[in-house]
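Peer 1: Give me the fold of what follows.
(chains A, B and C, ligands or ions: 2)
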Amino acid sequence: MNTSSSNSLEQSARTFLVWLRWLEASVAVVCISACGALLIADVVFRELLGHGLPWAQRVAVYCATTAAMLGFGLAIQSGEHLRPTLFDNVFPPGARPAVARLGSLLSAAICLWLAYYSWFFVYTSYLSGYRGVALDTAVWPMQTVLPYAFASAALRYFIYALLPVLTPVESSQGGVE
Amino acid sequence: QENWRIGTVVAPPSVLGIMVDEMAASITKTTNGAIKAERFQQPNEQEIAQNVIRGRYEMAFISATGLAPAIPAMGVLNLAYLWSSPEERDYVYDKYVVPLVTDLLAKNGLTLVRTGDGGWMNLFCKAACVSPEQMSGMKVRISPTASDRMMFSRLGANYVTMTLADFFPSLQQGVVDAGSLTFGFYVATPAAAAAPNYVFTRHGHQPMFLVVHTKYWEKLTADQRKAIEASILPTSEIRRRVGEEDVPTEARLKTMGGHAYHLTAEQRAKWAAVVVPGQPEVVQSFGPVAKDIYDAVLKGKEEFRTKAK
Amino acid sequence: MTVFLLIVLVVVLLALRQNVVLILAVVAAAVHTFFVSRSAIEFLIQDIWFSVDRETLLAIPMFILAGAVMTRGSIARRIIDLVIALTRPVRGGLGLAGILSCGAFAAISGSSVVTMLAVGAIMYPALLSEGYDKKVALGSMTAGGTLGIIIPPSIPLLLYGMSTDTSVVDLFVAGVGPGLLLIVVMAAYVLWKSRHLSPRQLDLAEVRGALRRGGWAIMMPVILLGGIYSGRFTPTEAAAVSLLYALIVELFIHREMNVRDYGTVALATVIMSGIITPIFAFASSLNNVIAIEGYPQALTAFVKQYIHSGWGMMLTINIILLFVGCIMESFSAIVIFAPLFLPLVTGYGFDPVHFGIVMIVNLEIGYLTPPVGLNIIVGSVAFKEPFRLMVSAVIPYIALMMGALAVISAVPQISLWLVRVLH
Ligand code: NA
Ligand code: NA
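Peer 2: Ligands and ions are numbered 1, 2, ... in the order given. Okay, the predicted model is just below:
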């Protein structure tokens, strides 16, 4: 791989990650805000408009779950997941970059595999017509956030394995003292 | 030897919990220990339903409400004011409902071993609420099911949904002034102190079902299956024990300073008159199978009425 | 052998720099696949879905977000200024205020994590700014949060009551005495650890200034507690109401924050949820498997066979529960162990209400013990402190709480006196 094509690949990957983050962050922020708005709406309807909104808390839960699962991928990109650093020094310094790369690849594989089984879970949920209690609709569309989140996480890790320079710096709370 | 788990929310010393333990013991005994059955308690019925349908649990003792998310038509059995009396209910169940439910469960990979009875859902309030007009504008905690929404909107109540964890402090602080729970559960919770008027509205009935994941059931020999079916508590016995539980429960409520109100047939008919016209629309939302069950129920009720005359 | 293989797997994953959540996922998947009858990865995913799909969890992200808004804006600073001004004359006054705030908030919240987050968002930075030892401050918020489940209302006490058919009213009432005992113990420790901080003269001008600047901010706890106690909203809704109030005050009155800032703190909140939620979900699945496989029942049968005295039983169960608290999340632990252990102790004449309190205090400690300690996991993320620091900060509090637990176990009257008075 020559330098210029690797640079252009790195540039596209960087751009892609920025867009991915922007997109997921926007949806997640809207969801977490909607969660609060729904809980407030339930209070307002009950106190002022005659009756509560029986579906409000349920939808709020879906919003919170969507936000949290998108947050899973966003936390990867900001390097904030909790990671024990216990064994970081077992490899000689020269081997550490390669180990980190291998680690990213392994994380990608784990996430991809979780994505596959989540997709399978959602698919059986779709086939069985599983429905929520408060909403007269199927639950599977809400569950699709699971495979999506794991797939998006896998993609990020794969990019970090391919282009380690893009790997985020871990924030201090991850156990890196 | 195999271990079988009976997933359920109930546990002793409640009457239902005791009966599930008896069922487990009789399965173990009649199979001479080939199947070692055990009650496995879990707090979320929807999860139990998924686990038995997907074959993670071998059996479940579960309510229609718990099954409804997986099998929407089951919701029709919780319909408010579906029944006029326990006798009518039992007659129609045995003749019409049980065969239809057996088919419905079979389509979802479950074999119905025994129809049980979880008792009536009744209303309780801070101030006595014996007639439907008193519910107008009252803040009442409902479960978010289609039937509850229909019933309490027709009563003109200010209905609210919240978790059980939020419900009890909310009842104490006055966020809500009423709710509905089965009698035994009500008396064991802070609800009995916060809203001491328990009214036997009998608006909802909660059937329970002992089901087996069909694949595991079919692995048993025909003799084993017969023996299990014969040995487990009969439906009539389950109904009797659940029904008789109201007497000691009422005594317990009295010692706590609460009061139970028994409605006359006329009083209860006034509630039903408000709620029953809303039934068809809810049935519609549960799909065509629910409609079949509902029509069979109506037919059975009519039959019971003519027979009684 | 199988346990050995699992440990090797974890070590390899650690060496390959995997995150906690992915290690948990792999371990859970391995357990589902190899050690459990009638299970599969499919059920791992089903477990994680059901563990997050619960209304009871809604208050947590809401209180994190409200706390973040108050800290990014100026409500937090204004309240802190007032509390500092008021507690200045007392040696260790602010530390005391921190514990008491946890106790007060615990009276409206039934959750340990929520109590820690709601109080800690404001008090933790305040304690640091006033020169308190970092570990003492962090520990007091993290351990103080656990008061949320012993002082009524309490979600775990409710679950205990529901799964053992014990009166939830009696349980709630019985939580008051032990809750007060724990407050006294924790407060005494904080005061002792801050004995080197010199008290200062009460400055009335400072108090007046802080009161004037803090007007809208001070209304926050008033609205929160007032709203719940006057029956306007539920504890879960209170989280959303406090968020709305904080936003209105910060955006339109203090104007030290704009909509873009809100986006930033909301994103930070989402990321925190994204760290905490999957860990909680995979841990729940492991708990589920442990229960379904009947290990708790086997353990119970074992204990029953070898222990033949009441106090021996109480001691054994306490030790088991302390271990259980390390690896299980409290909701699962209660639903699984309460019905199993209760008959063992009632046989020796222990009161079910007293035992419920013993269990809850025990699991309170479980919120602080690694690896599965929700307060230290969430606290590490929310307070932006390393997990190891969290663990070392709570150690003295764990020791104190174990002492209190011993007293609460041995003296049933601490739990039961108020129940008897009210009967
Ligand atoms: Na509390
Ligand atoms: Na723990």
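Peer 1: burial count for the closest residue to A:Ser107 other than its chain neighbours?
Peer 2: Closest residue to A:Ser107 in three dimensions, ignoring its sequence neighbours and counting by CB to CB, 6 or more residues apart in numbering or on different chains: A:Tyr157, at 4.2 Å. (Glycine included, C-beta is placed from N, CA and C.) Counted with other CB atoms under 10 Å in any protein chain shown, residues neighbouring A:Tyr157 total 23.
Peer 1: ok, now A:Leu135?
Peer 2: 15.
Peer 1: Do I have it right that it meets A:Val61?
Peer 2: No. Using CB atoms under 8 Å, A:Leu135 is not in contact with A:Val61; the gap is 10.5 Å.
Peer 1: re the thing from before, the residue nearest to A:Ser107: what's it in contact with?
Peer 2: Counting by CB atoms under 8 Å, 6 or more residues apart in numbering or on different chains, A:Tyr157 touches A:Ile76, A:Ser104, A:Leu105, A:Ser107, A:Ala108, A:Cys111.
Peer 1: ok, so what distance separates it from A:Leu163?
Peer 2: 11 Å (CB to CB, to the nearest Å).
Peer 1: What of C:Ile149?
Peer 2: 46 Å.
Peer 1: Settle it for me: which of the two has more neighbours?
Peer 2: Neighbour totals were compared for C:Ile149 and A:Leu163, and C:Ile149 leads with 29 against 17 (other CB under 10 Å).
Peer 1: Tell me the spacing between that one and A:Ala75.
Peer 2: In terms of CB to CB, C:Ile149 sits 27 Å off from A:Ala75.
Peer 1: Distance from the chain centre to the helix or strand hosting C:Leu6, please.
Peer 2: Following DSSP states H and E, one finds C:Leu6 within helix C:2-15. On the basis of CA atoms, centre = their mean, to the nearest Å, helix C:2-15 sits 29 Å off its chain's mean C-alpha point.
Peer 1: Show me what that helix is in contact with.
Peer 2: Contacts for helix C:2-15 (CB under 8 Å, 6+ apart): A:84, A:86-87, A:90-91, A:99, A:106, C:22-23, C:26-27, C:30-31, C:34-35.
Peer 1: in what helix or strand does the residue nearest to B:His213 when sequence neighbours are not counted lie?
Peer 2: Nearest residue to B:His213 in three dimensions, chain neighbours excluded: B:Gly55, at 4.9 Å (CB to CB, 6+ apart). For B:Gly55, there is no enclosing helix or strand under DSSP H and E.
Peer 1: How about the one 5 residues further on?
Peer 2: Of the helices and strands defined by DSSP H and E, B:Ala60 is found in strand B:59-63.
Peer 1: buried residues in whatever helix or strand comes next after that strand?
Peer 2: Sequence order places helix B:64-67 as the next helix or strand after strand B:59-63, per DSSP H and E. Neighbour-count burial for helix B:64-67, counted by 16 or more other CB atoms under 10 Å in any protein chain shown, picks out B:Ala64, B:Thr65, B:Gly66, B:Leu67.
Peer 1: Just the CA coordinates for the helix or strand that helix B:64-67 is followed by, please, in CSV.
Peer 2: Next in sequence after helix B:64-67, counting helices and strands by DSSP H and E, comes helix B:86-92. Only the C-alpha atoms of helix B:86-92 are listed here, as CSV (Å, rounded to 0.1, in the frame of the first residue of the first chain):
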residue,chain,number,x,y,z
PRO,B,86,-67.9,-17.0,39.0
GLU,B,87,-70.4,-19.8,38.0
GLU,B,88,-71.0,-18.4,34.6
ARG,B,89,-67.2,-17.9,34.1
ASP,B,90,-66.4,-21.5,35.1
TYR,B,91,-69.2,-22.9,32.9
VAL,B,92,-68.1,-21.0,29.8
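Peer 1: Next SSE downstream of helix B:86-92?
Peer 2: By DSSP H and E, the next helix or strand past helix B:86-92 is helix B:98-107.
Peer 1: ok, back up a step: by neighbours, which of the contacts of helix C:2-15 wins?
Peer 2: That'd be C:Leu22 among the contacts of helix C:2-15, by other CB under 10 Å, with 25 neighbours.
Peer 1: Need the three-state assignment for that residue.
Peer 2: Assigned with DSSP: H, G, I helix; E, B strand; the rest coil, C:Leu22 falls in the helix class.
Peer 1: Which residue is the nearest non-sequential neighbour of it?
Peer 2: That would be A:Ile110: by CB to CB, 6+ apart, it lies 5.0 Å from C:Leu22.
Peer 1: For the helix of greatest length in chain A, enumerate the helices and strands it packs against.
Peer 2: Ordering each helix of chain A by length in residues (DSSP state H) puts helix A:3-48 first. Helices and strands touching helix A:3-48, by 3 or more CB pairs under 8 Å, 6 or more residues apart in numbering or on different chains; DSSP states H and E, are helix A:56-77, helix A:145-162, strand B:158-161, helix C:59-72, helix C:235-248, helix C:259-292.
Peer 1: of those, which approaches ligand 2 most closely?
Peer 2: helix C:259-292 (9.6 Å; CB to the ion).
Peer 1: What residues of the next helix or strand after the closest one count as buried?
Peer 2: Counting by DSSP H and E, the next helix or strand C-terminal to helix C:259-292 is helix C:295-306. Neighbour-count burial for helix C:295-306 flags C:Pro296, C:Thr300, C:Val303 (criterion: 16+ other CB under 10 Å).
Peer 1: Enumerate every residue touching residue 145.
Peer 2: All of this is about chain A. Contacts of A:Val145 by CB under 8 Å, 6+ apart are A:Thr65, A:Thr66, A:Met69, A:Leu70.
Peer 1: Can you look at chain C instead?
Peer 2: Per CB under 8 Å, 6+ apart, neighbours of C:Gly145: C:Cys102, C:Ser112, C:Val113, C:Val114, C:Thr115, C:Met116, C:Leu117, C:Val119, C:Gly120, C:Tyr367, C:Asn375, C:Gly379.
Peer 1: can you check C:Trp192 too?
Peer 2: C:Gly92.
Peer 1: averaged over its residues, what pLDDT does the helix or strand where it lies have?
Peer 2: Element membership for C:Trp192 (DSSP H and E) is helix C:168-193. In this model, helix C:168-193 carries a mean pLDDT of 91.
Peer 1: any idea how far it is from the chain center?
Peer 2: 14 Å.
Peer 1: is any part of that helix close to ligand 1?
Peer 2: No. Using CB under 5 Å from the ion, helix C:168-193 stays clear of ligand 1, coming no nearer than 7.7 Å.
Peer 1: List the buried residues in that helix.
Peer 2: Under 16+ other CB under 10 Å, the buried positions of helix C:168-193 are C:168-183, C:185-187, C:189-191, C:193.
Peer 1: Give me the nearest residue to C:Ala382, chain neighbours excluded.
Peer 2: Nearest to C:Ala382 is C:Leu117, by CB to CB, 6+ apart, at 5.8 Å.
Peer 1: ugh, wrong one, I meant C:Ala40
Peer 2: For C:Ala40, ignoring the flanking residues on the chain, the nearest one in space by CB to CB, 6+ apart is C:His32 at 6.4 Å.
Peer 1: list the contacts for that neighbour?
Peer 2: C:His32 touches C:Ser39, C:Ala40, C:Ile41, C:Phe43, C:Leu44, C:Ser285, C:Val289, counting by CB under 8 Å, 6+ apart.
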